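Can you look at this prediction? I've put the sequence above it.
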Amino acid sequence: MVSLQASMNLTIRTSHANNAKSLVDGTTPSLRIRSAISIPKLPNGKLLKELNLSNVLLKNTRKLPLLESDSISIITPQDTKEGRHSATLTRKLYMILEAVSDRIEMHQNIKEQRENWNSLLLNSLNMVTLTAATMAGVAGVEGEHVLPLKVSSTLLFSAATGILLIMNKIQPSQLVEEQRNAVRLFKQLQAKIQTTLSLRSLTERDVEDAMERVLALDRAYPLPLLGAMLDKFPKTFEPARWWPSKKTPSSHQGDFCKSKKMRKNGWSEDLEKEMREIVGLINRKDIEDYVRLGNKALKLNKALAISGPVLTGIAAIGSVFAGQGGPWAALLAATAGSMASLVNTIEHGGQIGMVFEMYRNCAGFFRLLEERVESTLEVEDFEERENGELFEMKLALHLGRSLSELRDLAAKCKSSCGSYEGEFASKYAVL
């Protein structure tokens, strides 16, 4: 086995002239020590592999003083400017993801709380109203104990009127539906962010888009009741909007360039026409139908919300005159109280506010589909669009149809020259 030999020659050279001069001066003679390290040439690459000298040198590098001062640095992608920027974007998106998870938990807790409000307030209100109606009916009978019954029924009807006014104002069943939709939409956003983090590298647009969607959801489904609560009785029915408004930049290209790229990225002229026909049908049938149903639910809810407090108020006035104005006053109080209990059960037990919010959310969903298709078709550069085949499949899934059913529906709309009024775009539309 060949070993690495290093010979060290220490040569002590003492100059007689210098020694003599030192003796004359009375100083100690100086010794000049010169060290020379001679390292033999390393063998060639083939022999180096055979002797495995590379491992020996790597193990003994720290023993050589000349190599101790040299630092070996490994440049990783995180050390570059692009790597640091990508890491910053990842941290930002994870912060947004953490905020989304926290909002999901908050909306879930608020939903359960307001669902309890609806059931507890409704049961308590019906109990108070029926008890007051019974007392008013008994007070109509002549007797010595009429005054306590009159006072008790009047107080109970008055309390029921106040509670009912507050309950009709906030609409607990509608609040529950708002929080339920918020939980579902925040979970969709959470899944989208996680998919973005796992599939591709991030850009500034990804972080800005996630931030805008979080803020848009906060505006669409606020948590507090005071100040930020949505109007439960708007003048006109408007679909819900929980997505940020965007201005999609369109690239102005010539017809030649457009026809050249027409079949790139999964898009074709037939697919564009199919998407336009489906969008037209969504606007004519689905959105219009949900707006019609939403207006009906809004009018019914307004009528019930006004009728309940009016009936309890009439019952409170009738209970005041029970026993003095004959049996008619007591009969009026008992009848009005019973009808108020029935109205409250229909409004809050039937959750008319929740039905209204459901229609509002469904109309907003189809409005979102319409805007997505339109904004995608506005981009003239087909390479910048989402893949056409994936986009068509996504739209078909949203509408509850297969690809063949979606294409057949678009063909029917095209053959009827845009006046097709047969079926809805969604296969599960509420009739």
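Good, I have the coordinates.

now the helices: where do they sit in the stretch 301-431 of the chain?
Ranges of helices in the stretch 301-431 of the chain, per DSSP state H, counting those that start in this stretch, are 327-344, 352-378, 388-398, 403-415.

Just want the angle from the third one to helix 352-378.
Pointing back at helix 388-398 there. 170 degrees (axes from the mean of the first three to the mean of the last three Cα atoms, to 10 degrees).

From the recorded domain assignment, give the ranges for this structure.
7-71, 81-239+265-415 (automatic domain parsing).

Nearest to residue 427 among those would be which one?
Nearest to residue 427, of all those, is domain 81-239+265-415, at 4.0 Å by Cβ to Cβ. Heads up, the C-betas are built off the backbone N, CA and C, glycines and all.

what packs against the helix of greatest length in the chain?
Determined from DSSP state H, the single longest helix within the chain is helix 81-139. On a contact count with 3 or more Cβ pairs under 8 Å, 6 or more residues apart in numbering; DSSP states H and E, helix 81-139 meets helix 146-170, helix 172-199, helix 204-220, helix 288-320, helix 327-344.

Turn the ones you listed into CSV, columns for mean neighbour count.
Conversion of the helices and strands packed on helix 81-139 to CSV gives the following (neighbours: other Cβ atoms under 10 Å):
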stretch, mean neighbour count
helix 146-170, 19
helix 172-199, 19
helix 204-220, 16
helix 288-320, 20
helix 327-344, 22
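
follow-up on the earlier one: so how far is the longest helix of the chain off the chain centroid?
From the chain centre to the centre of helix 81-139 is a distance of 15 Å (Cα atoms, centre = their mean, to the nearest Å).

before we move on, back to that, now the helices of the stretch 301-431 of the chain as a markdown table including distance to residue 141?
Compiled in a markdown table, the helices of the stretch 301-431 of the chain are given as follows (distance: least, Cβ to Cβ, whole Å):
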| stretch | distance to residue 141 |
| --- | --- |
| helix 327-344 | 8 |
| helix 352-378 | 37 |
| helix 388-398 | 64 |
| helix 403-415 | 68 |
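
of all those, which lies closest to residue 268?
Among the helices of the stretch 301-431 of the chain, helix 388-398 sits nearest to residue 268 (Cβ to Cβ), with 7.0 Å.

can you list the residues that contact the closest one?
265-268, 271, 274-275, 278, 369, 373, 376, 382, 385, 402-403, 405-406, 426 (Cβ atoms under 8 Å, 6 or more residues apart in numbering).

what's the closest residue to residue 282 other than its chain neighbours in contact with, if anything?
Once flanking residues are discounted, residue 282 sits nearest to residue 425: 4.5 Å by Cβ to Cβ, 6 or more residues apart in numbering. By Cβ under 8 Å, 6+ apart, residue 425 lies in contact with 278, 281-282, 285-286, 366, 399, 409.

Closest one of those to residue 217?
Residue 217 lies nearest to residue 366 out of the contacts of residue 425, by Cβ to Cβ, at 18.2 Å.

Kindly provide the distance from the closest one to residue 182.
Distance, residue 366 to residue 182, by Cβ to Cβ, to the nearest Å: 19 Å.
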